[in-house]
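Undergrad: Okay, structure incoming, though there's no sequence with it:
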C-alpha cells in the first residue's frame, strides 16, 4: 500500500458517494422521488455492507464501492430533505466537512498534533460519550423531555461545536491508520 493507493481509493470511494448523493438530492428536491425509500434503502444497505466489509477477512473493493454508493443515496436523500426545509444548508454542510478534513490533514501532516495511544483513547472515549449522550437525548425527546442539546440556544450551539471538534479529531485517527498501513505495507 502506498500514499498514491490511499489517495486513489479514497477519491474513487468519495467520488462515488458524492455522485450518488448529488443525484439522489436532486431527485428529492425536484420531487421526482419520495425521500423515505432511498433513505431507508441506503441506510439498511449501508449498514449491512459495512458489517460485511468489517467482518470479511480479505478486503473487497466492490463491497467498499457498494457501501459508498449506498451511503451516497442515504446522505443525498437526507440532504435533499434538509435543503428543501432550509435552502443552502446542504452546500454549507459539504463545504464545512471538506474544510475540516483539509485543516485536520494539514495539522496531521505537519505534526502539529501527534496521534499517541493516550490521544487515541481520548478520541474514542469522547466519540462514545457523545454518541451515548445523543442516544439518551433522543430517548428523552420521545417522552417529551427537552434537554436543550439540539436547540439554537447557547447549550445547543456549544454541544454542536464540541461534537464538531470530536469529529475533527476522528479524522486524525483515520489519517494515522492510513499512515500505519502504508508503513507496514498492509
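TA: Perfect, I can see it now. Remember, it's a predicted structure, so these values are computed and weren't measured experimentally. Numbers count the residues shown, from 1 in each chain.
Undergrad: Count the residues that sit near residue 157.
TA: Neighbour count of residue 157, defined by other C-beta atoms under 10 Å: 11. The C-beta positions use only the backbone N, C-alpha and C, and glycine is treated the same way.
Undergrad: Please tell me the pLDDT value assigned to it.
TA: Predicted confidence (pLDDT) for residue 157: 92.
Undergrad: which residues touch it?
TA: With C-beta atoms under 8 Å, 6 or more residues apart in numbering as the criterion, no residue contacts residue 157.
Undergrad: and it, what element?
TA: Taking DSSP states H and E as the criterion, residue 157 maps to helix 154-184.
Undergrad: how much space between residue 148 and residue 136?
TA: 13 Å (C-beta to C-beta, to the nearest Å).
Undergrad: The helix holding residue 157: which residues count as buried?
TA: Neighbour-count burial for helix 154-184, counted by 16 or more other C-beta atoms under 10 Å, picks out 159, 163, 166, 167, 168, 169, 171, 172, 173, 175, 176, 178.
Undergrad: Just give me the neighbour total for the nearest residue to the second one once chain neighbours are set aside.
TA: This means residue 163. Leaving out its chain neighbours, the residue that sits closest to residue 163 by C-beta to C-beta, 6 or more residues apart in numbering is residue 130, at 5.5 Å. When neighbours are defined as other C-beta under 10 Å, residue 130 has 16 of them.
Undergrad: Rounded mean pLDDT for whichever strand or helix holds residue 130, please.
TA: Assigned by DSSP H and E, residue 130 falls within helix 117-142. Mean pLDDT, computed over helix 117-142, is 96.
Undergrad: Between helix 154-184 and it, find me the angle.
TA: Counting by axes from the mean of the first three to the mean of the last three C-alpha atoms, to 10 degrees, helix 117-142 lies at 140 degrees to helix 154-184.
Undergrad: Tell me the gap between helix 117-142 and the middle of its chain.
TA: 15 Å (C-alpha atoms, centre = their mean, to the nearest Å).
Undergrad: Mind listing what's buried along that helix?
TA: Buried residues in helix 117-142 (16+ other C-beta under 10 Å): 123, 126, 127, 130, 137.
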